[in-house]
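**Q** Attaching a predicted model along with its sequence, questions to come.
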Amino acid sequence: MFVLSTAGERRLQRLLYAAGFCGALFFLLAPVIFMLLTALSQRPDFLGNNYVMTTRHFREILTTPSLHFVRYCINSLAISIASAGITTIIASGGAYVATRFPFKGRTAVLLMILSLSMFPQICIAGYLYRIIAAAGMVNTWLGLILPYIAWIMPLTFWILISYFSQIPQELDRAAFIDGCSPLRTLVTIVFPLAAPGLFSTLLLAFIFTFNEFMFALILTNDHAARTVPVGIALFQGLHGELPWGVIMAASVITTLPVILMALLFQRHIMQGLTRGAIKG
């Protein structure tokens, strides 16, 4: 029977950890690498031919007016920033009330809000279109911002509840004694203490809305309000073919900023999501 020594077990454990890490890293990065290689390749079937690098697809996506890619980016940024900002402000006020002012049926209300996030988007797509069309907001920024606010509200609300509940209520009572109103207490005391949670919630809400596809597909019909995910998906319809180089170039341009944002602010995101759970 073969028995490893303690040092051998440690080396084997480290080797298995390293192999698992490399395997997971390759699994996650392989689509991104393939997308980048396709965007920089002169031919989309570069795996079976000699690879010729070119930046033509990136120049085409940024300079061809008929593709409207720059307009799609502007729409996505404006709609995502507005939706994430408004949702975070509203959810922070609701989370403050839920954690500071107990009321009858609070648990039922919180569970009901959580249950709303469990319904698939397709369940309300038809009714949502009828409501937005009746209001005359199809193919407008506002026609996407309002559904996005309702869509990501449960997520932001519950993240902020878990964070606000860990801020001592004695600080609120001290502020009330000093004559502060609940609104002033929220703005001057709770918000600064909850800044990491607010920041992480804002980033997550932005990423969710920036990547959303279904609502943007059914509520827009041209480049006036169409967002990047839908615009990229419909490039093939504009060309009558599958312009993989252009599609991958557009995907790289829109994906890299989100990846860089997650890498740069991952400490703040993790701090905001975990501090409420471990802070005692």
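**A** That came through, no problem.

**Q** pretty sure Leu62 contacts Phe69?
**A** Yes - using CB atoms under 8 Å, Leu62 is in contact with Phe69, at 6.7 Å. All C-beta spots, glycine's among them, are computed from the backbone N, C-alpha and C.

**Q** so what sits against both of those two?
**A** Ile253 (CB atoms under 8 Å, 6 or more residues apart in numbering).

**Q** Compare these two (neighbour count), which wins?
**A** Phe69 (24 against 14; other CB atoms under 10 Å).

**Q** any idea of the pLDDT on that one?
**A** Phe69 is assigned 90 on the pLDDT scale.

**Q** Is it correct that it is in contact with Gly231?
**A** Yes - between Phe69 and Gly231 there is a contact under CB under 8 Å: 6.7 Å.

**Q** Now the common contact residues for the two.
**A** Ala250.

**Q** can you pull the contacts of the residue nearest the centre of the chain?
**A** Among the residues of the chain, Ile207 comes closest to the average C-alpha position under CA atoms, centre = their mean, at 1.9 Å. If a contact means CB under 8 Å, 6+ apart, then Ile207 has Val258, Met261, Ala262 as its contacts.

**Q** Adding secondary structure, neighbour count and distance to Tyr163, write these out as TSV.
**A** Output for the contacts of Ile207, formatted as TSV (DSSP: H, G, I helix; E, B strand; the rest coil; neighbours: other CB atoms under 10 Å; distance: CB to CB, whole Å):
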residue	secondary structure	neighbour count	distance to Tyr163
Val258	helix	14	23
Met261	helix	15	20
Ala262	helix	13	19
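
**Q** Can you tell me which of these is closest to Pro120?
**A** Checking the contacts of Ile207 against Pro120 by CB to CB gives Val258 as the nearest, at 23.4 Å.

**Q** What confidence value was assigned to that closest one?
**A** Reported pLDDT for Val258: 78.

**Q** Okay, the nearest residue to it once chain neighbours are set aside and Ala134: tell me how far apart.
**A** Distances taken as CB to CB, 6 or more residues apart in numbering place Ile207 nearest to Val258, at 6.1 Å, with adjacent residues excluded. Distance, Ile207 to Ala134, by CB to CB, to the nearest Å: 30 Å.
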